[in-house]
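**Q** Curious how this folds, go ahead:
(one chain, ligands or ions: 1)
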Amino acid sequence: MSDEILRPDADDTELAFEGALRPQSLGEFVGQQKVRRQLQLLLEAATLQNRAPDHILLAGPPGLGKTTLAMIVAHEGRRPLRMTSGPAIQHAGDLAAVLSSLTPGEVLFIDEIHRMARSAEEMLYLAMEDFRVDIMVGKGAGATSIPLELAPFTLVGATTRSGLLPNPLRDRFGFTAHLEFYEPGELFRVIERAATLLRLDVDGDALHEISGRSRGTPRIANRLLRRVRDYALVHGGRADRTAVRAALELYDVDEQGLDRLDRAVLHVIVDRFAGGPVGLSTLAVSVGEEAETIEAVVEPFLVRSGLLARTPRGRVATAEAWRHLGREPGAAAGHDL
Ligand SMILES: Nc1ncnc2c1ncn2[C@@H]1O[C@H](COP(=O)(O)OP(=O)(O)OP(=O)(O)O)[C@@H](O)[C@H]1O
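**A** Numbering: from 1, shown residues only. As a prediction, this is how the structure comes out:
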């Protein structure tokens, strides 16, 4: 569906493609310079002392490279990697099974760590601090806890909602990396590298055009590159700026990276409500979407792009939004929706 091309979450069909493009070392990882240097130091210090690196929390929106960095932490230190996710850990027993089977120095990656069961979180505190867990045996008055020693490991947790992590868990990470959205120039390098790996003949103008429409997110940039590749393949031409424009027009992605739903939201505010303010539920009904989708998926990017403001009285379209729709700020609607 065209509306999904700009969503930052991965869909199942692109996992193999993403795997092939993942940088394997910090040197290949584009952007996030500060985080890269911080990680480099942490990993080098651990190597010099011949110990497992400190636990690492990677926080930031989807598609910015958290899984990739977890893999790099393991790869750079030549350590095995075990991957799981918060939703897969529904009971403390699920976590105990994973922890007790780790080999010394292994990197344990827990994606969406904020979605782990509470009981497992509590078990993790002790495991992170003392490399030990207490296993409960039996029920009721006869229940006893048996301590179990664990091999030293490095936990790499990833979260899109670090605010949802309980403080005791957050405090047990030796280092928290906050990943930022990428600049267009950095995205250019991400897809330039991807094009080389995929042996695609794409010119610089095309890469530039794609970077500007990718919402600061490498996963989206790589996905748009794939659509442009398809377009050039089917039409038998080069992947140049004309191909990018034609391909992305087909998928309803405009020059600033807005899709059909983003624009529909702005149109409603500008054309029906004279620029706002409009309440979230009214807005959602007007575009025929769930309020949660508007709030979680559409608004963050529009706010970040300076097109939408959230005020206590409702959502307001900025002057920039009016201009993006080709209208003079504050001008009366030229047509009715
Ligand atoms: N800095 C980067 N340099 C090059 N490629 C990158 C970079 N960051 C991400 N990518 C590419 O973008 C894609 C998505 O990255 P990744 O899966 O690591 O994101 P994520 O933050 O873990 O997302 P999610 O939270 O949805 O799992 C991968 O194909 C990866 O190769």
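
**Q** So which residues on the protein come close to the ligand?
**A** Neighbours of the ligand within the chain, by C-beta under 6 Å from any ligand atom: 9-10, 18, 21-23, 29-32, 62-68, 111, 160, 190, 218-219, 222. From N, CA and C alone the C-beta is placed, and that goes for glycine too.

**Q** the strands in this structure, which residues?
**A** Taking DSSP state E as the criterion, the chain carries its strands at 56-59, 81-85, 107-111, 132-137, 144-149, 154-159, 175-178, 308-311, 314-317.

**Q** export these to a markdown table and tack on mean neighbour count?
**A** Formatted as a markdown table, those follow (neighbours: other C-beta atoms under 10 Å):
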| stretch | mean neighbour count |
| --- | --- |
| strand 56-59 | 24 |
| strand 81-85 | 16 |
| strand 107-111 | 24 |
| strand 132-137 | 14 |
| strand 144-149 | 10 |
| strand 154-159 | 26 |
| strand 175-178 | 17 |
| strand 308-311 | 15 |
| strand 314-317 | 22 |
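
**Q** okay if I get the ones you listed as a markdown table plus mean pLDDT?
**A** Formatted as a markdown table, the strands of the chain follow (pLDDT from 0 to 100):
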| stretch | mean pLDDT |
| --- | --- |
| strand 56-59 | 97 |
| strand 81-85 | 97 |
| strand 107-111 | 97 |
| strand 132-137 | 88 |
| strand 144-149 | 91 |
| strand 154-159 | 97 |
| strand 175-178 | 96 |
| strand 308-311 | 95 |
| strand 314-317 | 96 |
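
**Q** Just put those in CSV and tack on distance to residue 230.
**A** Output for those, formatted as CSV (distance: least, C-beta to C-beta, whole Å):
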stretch, distance to residue 230
strand 56-59, 31
strand 81-85, 30
strand 107-111, 29
strand 132-137, 49
strand 144-149, 52
strand 154-159, 30
strand 175-178, 34
strand 308-311, 31
strand 314-317, 34
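
**Q** which one of these lies closest to residue 42?
**A** strand 175-178 (5.7 Å; C-beta to C-beta).

**Q** picking that back up, for ChimeraX, write the selection for the buried entries among the residues of the chain next to the ligand.
**A** A single ChimeraX command selects the buried members of those (16 or more other C-beta atoms under 10 Å):
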select :18,21,22,23,29,30,31,32,62,63,64,65,66,67,68,111,160,190,218,219,222
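
**Q** So which of the residues of the chain next to the ligand are in helices?
**A** Residues of the residues of the chain next to the ligand located in helices (DSSP state H): 18, 21, 66-68, 190, 218-219, 222.

**Q** got the contact list for the closest residue to the ligand within the stretch 1-150 of the chain?
**A** Proximity to the ligand, evaluated over the stretch 1-150 of the chain using C-beta to the nearest ligand atom, is greatest for residue 65 at 2.8 Å. Contact analysis of residue 65 by C-beta atoms under 8 Å, 6 or more residues apart in numbering lists 29, 32, 179, 218.

**Q** cool, residue 215 as well?
**A** Contacts of residue 215 (C-beta under 8 Å, 6+ apart): 6, 8, 181, 257, 301.

**Q** where in the stretch 201-337 of the chain is pLDDT low?
**A** 332-337 (pLDDT under 70).
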